[in-house]
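Need coordinates for the following:
(3 chains)
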Amino acid sequence: MPELPEVETTRRGIEPHIDQQHVADFVVRERRLRWPVPDEIFNNILEKRVNSVERRGKYILVRFDAGDLMVHLGMSGSLRVLPQGTEPAKHDHVDLVMKNGLLVRLTDPRRFGSVLWQPKGEMHKLLAKLGPEPLSDDFNVDYLFKASRNRSVAIKQFIMTSEVVVGVGNIYANESLFKAGIDPRKPAGKVSKQRYERLVIEIKQVLEYAITRGGTTLRDFLSSDGKPGYFAQELSVYGRGGEACKSCGSNLKEIRQGQRATVFCPRCQR
DNA sequence: AGTCGCGCCTGGCGGC
DNA sequence: TGCCGCCAGGCGCGAC
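A predicted model of the protein is given here:
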């Protein structure tokens, strides 16, 4: 499940292989992803140069003069850089073929991912309402505290809302709330400013750390399986329901919030 | 406006 | 060993 660190690791992995390179072909074997892959992409990128490879939230943006190719990895998507001519396997839905003999291949068994097009000068609907980048200065305690006032929704669901802040998925929401010592069920509007200060710091730290760990797989990005992995043994709570809290030894509690697993320490998180 | 629940999809797993 | 049913979850969307 790619979260922001995995997406950023992926972006860094493909960037050196396609930046400033020209597109030779765009192959869509399966257009039924989260949304149909739009036809307009082909004419807008064929023979054109990649100007930059950027990221907004969990979208990777491959930028051209005419607009941006938007790639979202959904739940099970991954991008790999492969030599041109590599036979596609099951679930290899889209190839961006470059003139340098390499291709970027989207593999996505569950097809929750998407490949979209944002024309130059237009903001795609799916990017229009996104909140600040968690690692930017725009994401700070004043912003988050203000945004949380009068909100009854649980703090965990609040920080997972993309209009509030992008890129905080289930794993890192669980982890950062544990590190900040906040009960994930607490209404967002009732969390003090002091606690938000701590939470902002922990969110940034946990994401930054995960990016540095993901970076260790970058060396082998070309023709490796390219999947930035989690270091499960480094997670404090996620996937550890019923096990002992690494801080106090209490039994970690597992509940469901909005159809997602929440794991927390009833003693450390108040 | 805010909140809630649905559904998209397939691999993997537990149970029998 | 095989089959069945369930679960995982990012996230937009419709309903209230």
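
for the residue nearest to residue A:254 when sequence neighbours are not counted, phi and psi?
In space, and not counting its chain neighbours, residue A:254 is closest to residue A:241: 2.9 Å by C-beta to C-beta, 6 or more residues apart in numbering. Bear in mind the C-beta positions are built from the backbone N, C-alpha and C, glycine included. Main-chain dihedrals, residue A:241, degrees, to the nearest 10: phi -50, psi 130.

Same question for residue A:95.
phi -120, psi 130.

Tell me how many other residues crowd residue A:63.
Residues within reach of residue A:63, counting by other C-beta atoms under 10 Å, total 17.

I misspoke; the intended subject was residue A:252.
Residue A:252: 24 neighbours (other C-beta under 10 Å).

doesn't residue A:243 make contact with it?
Yes - applying C-beta atoms under 8 Å, one finds residue A:252 in contact with residue A:243, separated by 5.5 Å.

distance of the residue nearest to residue A:254 from DNA strand C?
According to C-beta to the nearest atom of the strand, to the nearest Å, residue A:241 and DNA strand C sit 9 Å apart.

That residue: what's it in contact with?
A:252-254, A:261, A:263 (C-beta atoms under 8 Å, 6 or more residues apart in numbering).

What of residue A:22?
With C-beta under 8 Å, 6+ apart, residue A:22 has these contacts: A:47-50, A:98-99.

same deal with residue A:140?
Contacts of residue A:140 by C-beta under 8 Å, 6+ apart are residue A:200.

Let me see the confidence value for it.
Predicted confidence (pLDDT) for residue A:140: 96.

and if you look at residue A:261?
87.

and it, how many residues sit next to it?
Residue A:261 has 14 nearby residues by other C-beta under 10 Å.

contacting residues around the nearest residue to it once chain neighbours are set aside?
Distance criterion C-beta to C-beta, 6+ apart; nearest residue to residue A:261, sequence neighbours excluded, is residue A:254 at 6.2 Å. Counting by C-beta under 8 Å, 6+ apart, residue A:254 makes contact with A:241-242, A:261-263.

mind listing what residue A:248 touches?
Neighbours of residue A:248 in contact, by C-beta under 8 Å, 6+ apart: A:265, A:267-268.

helix, strand or coil for residue A:23?
Recorded secondary structure, residue A:23: strand (DSSP: H, G, I helix; E, B strand; the rest coil).

residues touching it, list them.
Counting by C-beta under 8 Å, 6+ apart, residue A:23 has contacts A:45-50, A:96-99.

And for residue A:149?
Contacts of residue A:149 (C-beta under 8 Å, 6+ apart): residue A:189.

Residue A:79 is in what secondary structure piece?
Assigned by DSSP states H and E, residue A:79 falls within strand A:78-83.

List the buried residues for that strand?
A:78-82 (16 or more other C-beta atoms under 10 Å).

Out of those residues, flag the one nearest to DNA strand B.
residue A:78 (12.7 Å; C-beta to the nearest atom of the strand).

That closest one and residue A:108 touch, don't they?
Yes - if you go by C-beta under 8 Å, residue A:78 and residue A:108 touch, sitting 7.4 Å apart.

show me where the stretch 51-200 of chain A has strands.
A:52-56, A:59-64, A:67-72, A:78-83, A:92-98, A:102-107, A:114-119 (DSSP state E, counting those that start in this stretch).

Make JSON lines out of those strands and add distance to residue A:9 and mean pLDDT.
Listed next are the strands of the stretch 51-200 of chain A as JSON lines, based on distance: least, C-beta to C-beta, whole Å; pLDDT from 0 to 100:
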{"stretch": "strand A:52-56", "distance to residue A:9": "10", "mean pLDDT": "95"}
{"stretch": "strand A:59-64", "distance to residue A:9": "11", "mean pLDDT": "96"}
{"stretch": "strand A:67-72", "distance to residue A:9": "14", "mean pLDDT": "95"}
{"stretch": "strand A:78-83", "distance to residue A:9": "10", "mean pLDDT": "91"}
{"stretch": "strand A:92-98", "distance to residue A:9": "18", "mean pLDDT": "95"}
{"stretch": "strand A:102-107", "distance to residue A:9": "14", "mean pLDDT": "94"}
{"stretch": "strand A:114-119", "distance to residue A:9": "19", "mean pLDDT": "95"}
